[in-house]
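>>> Could you work out the structure for the sequence below:
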Amino acid sequence: MSNLFESIENDHRLQAQPLAARIRPRSLQEFVGQSHFLGEGRLLRRLIRADRLGSLIFYGPPGTGKTTLAQLLAQETKSKYCTLNAISSGVKELRSALELADNELAAQGRRTLLFIDEIHRFNRSQQDALLEHVENGVVSLVGATTANPFFALNSALTSRSTIFQFEPLNADEIEQLLLRALSDRQRGLGHYDVQLRPDALQALVDACDGDARRALGALEVGVLSSQSQPIVFDLALARESIQRKAIEYDATGDSHYDCASAFIKSIRGSDADAGLYWLARMLEGGEDVRFIARRLVILASEDIGNADPQALQIAVAGMQACEFVGLPECQLTLSQLVTYLACAPKSNAATVAIEAARRDVREGTVQPVPRHLKDRHYSGAVQLGHGDGYHYSHEAPDGIGVQDYLSVPKQYYQPTDRGFEQELQVRLQAIRRARSGE
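Down below sits the predicted model:
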């Protein structure tokens with residue numbers, strides 16, 4: 001009788017779980033995604049077969065299988081599974097879990113797989129408390145994080161861990177999970193008569209951004225909220241069932257740097273549309289408008305320069321306008337800036353020139369200031385001979401100074417043939433010829 005009650009209780013618990021939890025894979029064969037490190041012959045598969053997991057860090061976005069894979073690893077390696085959440089657990093809970101793991105190893109000869117979700121939330125002392133037990137093999141640590149571990153975790157911990165980066169599931173993988181959920185009568189929605197239209201399936205796949213949990217949640221909401229039989233799961237129902245996603249963006253962490261990098265590189269590559277997308281991503285994520293504007297001012301000099309001298313003026317004016325107007329209206333100014341800068345001719349000649357000149361200053365022989373260029377606007381300068389022999393270039397017929405200004409021959413600035421810099425190239429060639437006496 002007790003077995004019957006226990007079975008009923010377990011069934012009730014199962015049905016109370018969301019669909020994504022109910023149909024979690026029961027083996028590695030059922031696991032979908034992450035074939036780049038879990039496929040046959042790949043590193044994690046080899047570590048499993050060798051039973052030498054060690055310490056692992058699972059890094060990636062939500063809904064990509066980090067928690068599920070940790071549970072399967074414990075199953076595959078016949079380890080005791082223990083889980084902590086770094087948000088709600090302190091040093092006391094951590095030390096207790098490690099002590100239990102040590103006792104389990106001593107008494108049963110079985111290692112513990114300790115899964116720590118949101119491990120980047122642990123402070124330095126909590127992370128340090130893991131090191132001894134990781135090194136002596138008492139636990140196989142699996143830490144899950146959505147933050148870049150090289151920024152968020154101690155270097156001592158990352159150096160002792162194998163880091164696996166989880167990727168969002170692709171369209172085929174999401175579709176596979178949705179269809180599996182519809183066909184599974186025991187754990188999924190197979191006991192419902194659901195007619196899933198192709199365009200609705202595509203909408204679910206497109207809207208989830210590789211997050212399996214979100215796709216399965218939308219499918220379950222649509223099925224359970226429908227009154228008609230059979231359930232016609234069409235495009236309208238799919239759209240009604242998909243929740244508005246929260247924009248994953250940490251304005252002080254990994255997302256900040258990655259999106260800013262993609263933003264600048266898109267504009268540098270003259271892709272106005274991509275630039276606008278990354279601008280929108282940063283604005284929706286709450287990025288500081290001043291940061292965006294500053295980056296655009298830098299880009300105007302770094303990547304456009306004299307190919308379009310107006311770019312810097314426009315970028316500075318845009319930065320001032322953003323400061324004056326503020327959000328939400330300054331998004332219009334930023335959009336104008338992004339599209340102008342993306343379409344402007346590009347040149348990094350000025351950037352390359354100053355980098356080369358500074359490298360010479362740092363690494364080469366420091367050039368003395370020629371005597372005829374030295375300041376003579378003080379008492380005693382004439383006695384020292386400072387400024388003697390200086391030729392005022394405005395007195396030359398063409399306004400070009402032909403005397404020595406550096407003591408060594410250098411040509412740092414090499415204009416491109418793009419935009420206004422093409423005209424500067426012609427001018428500079430003429431100037432250099434005149435100064436060399438040709």
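
>>> give me every residue that touches residue 113.
Residue 113 makes contact with 53, 70, 73, 74, 77, 79, 80, 81, 82, 139, 140, 142, according to Cβ atoms under 8 Å, 6 or more residues apart in numbering. In this view, the C-beta of every residue, glycine as well, is placed from N, C-alpha and C.

>>> Low-confidence stretches in the stretch 151-300 of the chain?
243-254 (pLDDT under 70).

>>> make that the stretch 1-150 of the chain, sorry
1-16.

>>> For residue 163, which three-state class applies?
Here residue 163 is recorded as strand under DSSP: H, G, I helix; E, B strand; the rest coil.

>>> Test my guess that it contacts residue 55.
No - if you go by Cβ atoms under 8 Å, residue 163 and residue 55 don't touch, sitting 9.7 Å apart.

>>> Looking at those two, which is more packed in?
Counted by other Cβ atoms under 10 Å, residue 163 and residue 55 do not tie: residue 55 has more neighbours, with 23 against 17.

>>> need the contact list for the more buried one.
134, 140, 141, 142, 143, 157, 160, 161, 162 are the contacts of residue 55 under Cβ under 8 Å, 6+ apart.

>>> That one bridge partners, please.
Per DSSP bridges, the residues bridged to residue 55 are residue 161.

>>> ok, of the contacts of residue 113, which one's closest to residue 301?
Lowest distance from residue 301 to the contacts of residue 113 (Cβ to Cβ) belongs to residue 142, with 46.2 Å.

>>> what helix or strand does that closest one sit in?
Here residue 142 sits within strand 139-145, counting by DSSP states H and E.

>>> Next, the buried residues of the very next helix or strand once past that strand.
Using DSSP H and E, the helix or strand that follows strand 139-145 in sequence is helix 149-152. Neighbour-count burial for helix 149-152, with 16 or more other Cβ atoms under 10 Å as criterion, is recorded at 149, 152.

>>> Against which helices or strands is the next helix or strand after helix 149-152 packed?
The C-terminal neighbour of helix 149-152 among helices and strands, as given by DSSP H and E, is helix 155-159. Judged by 3 or more Cβ pairs under 8 Å, 6 or more residues apart in numbering; DSSP states H and E, helix 155-159 is in contact with strand 55-59, helix 124-135.

>>> Any buried residues in stretch 97-104, and which?
Buried residues in stretch 97-104, counted by 16+ other Cβ under 10 Å: 97, 98, 101, 104.

>>> so which of those residues would you say is closest to residue 169?
residue 97 (30.5 Å).

>>> I'd say the closest one and residue 81 touch.
No - in this structure, residue 97 is not within contact of residue 81 by Cβ under 8 Å, at 11.2 Å.

>>> list the residues that contact both of these two?
Shared between the contact lists of residue 97 and residue 81 (criterion: Cβ under 8 Å, 6+ apart) are residues residue 112.

>>> What subset of the contacts of residue 113 is buried?
Here, 16+ other Cβ under 10 Å leaves 53, 70, 73, 74, 77, 79, 80, 81, 82, 139, 140, 142 buried among these.

>>> so the second one touches residue 143, yeah?
No - with contacts counted by Cβ under 8 Å, residue 70 stays clear of residue 143, the gap being 9.2 Å.

>>> Now for the two: what residues contact both?
Common neighbours of residue 70 and residue 143 are listed as 58, 115 (criterion: Cβ under 8 Å, 6+ apart).

>>> what about the longest helix in this protein?
The single longest helix within the chain, with elements called by DSSP state H, is helix 91-108.

>>> Tell me what angle it forms with strand 139-145.
Put simply, helix 91-108 runs at 140 degrees to strand 139-145, going by axes from the mean of the first three to the mean of the last three Cα atoms, to 10 degrees.

>>> buried ones in the helix or strand just after helix 91-108?
Under the assignment DSSP H and E, the closest C-terminal helix or strand after helix 91-108 is strand 112-117. By 16+ other Cβ under 10 Å, the buried positions in strand 112-117 come out as 112, 113, 114, 115, 116, 117.

>>> Quick one: residues contacting the fourth one.
Contact partners of residue 115, counting by Cβ under 8 Å, 6+ apart, are 67, 70, 71, 74, 81, 82, 83, 84, 142, 143, 144.

>>> so residue 382, which of the three states?
Applying three-state DSSP: residue 382 is helix.

>>> Kindly provide the distance from the residue lying farthest from the centre of the chain to residue 303.
The outermost residue of the chain relative to its centre, with distances by Cα atoms, centre = their mean, is residue 383 at 62.3 Å. When Cβ to Cβ, to the nearest Å is the yardstick, residue 383 and residue 303 sit 49 Å from each other.

>>> what's the answer for residue 96, then?
In this view, residue 96 and residue 303 are 55 Å apart by Cβ to Cβ.

>>> Look at these two and report which has more neighbours.
In terms of neighbours (other Cβ under 10 Å), residue 303 is the more surrounded of residue 96 and residue 303; the figures are 22 against 12.

>>> Just give the closest residue to that one, not the sequence neighbours.
Distances taken as Cβ to Cβ, 6 or more residues apart in numbering put residue 268 closest to residue 303, at 4.6 Å, once the chain neighbours are dropped.

>>> Residue 346 is in contact with that neighbour, correct?
Yes - at 6.8 Å, residue 268 and residue 346 qualify as touching, with contact defined as Cβ under 8 Å.
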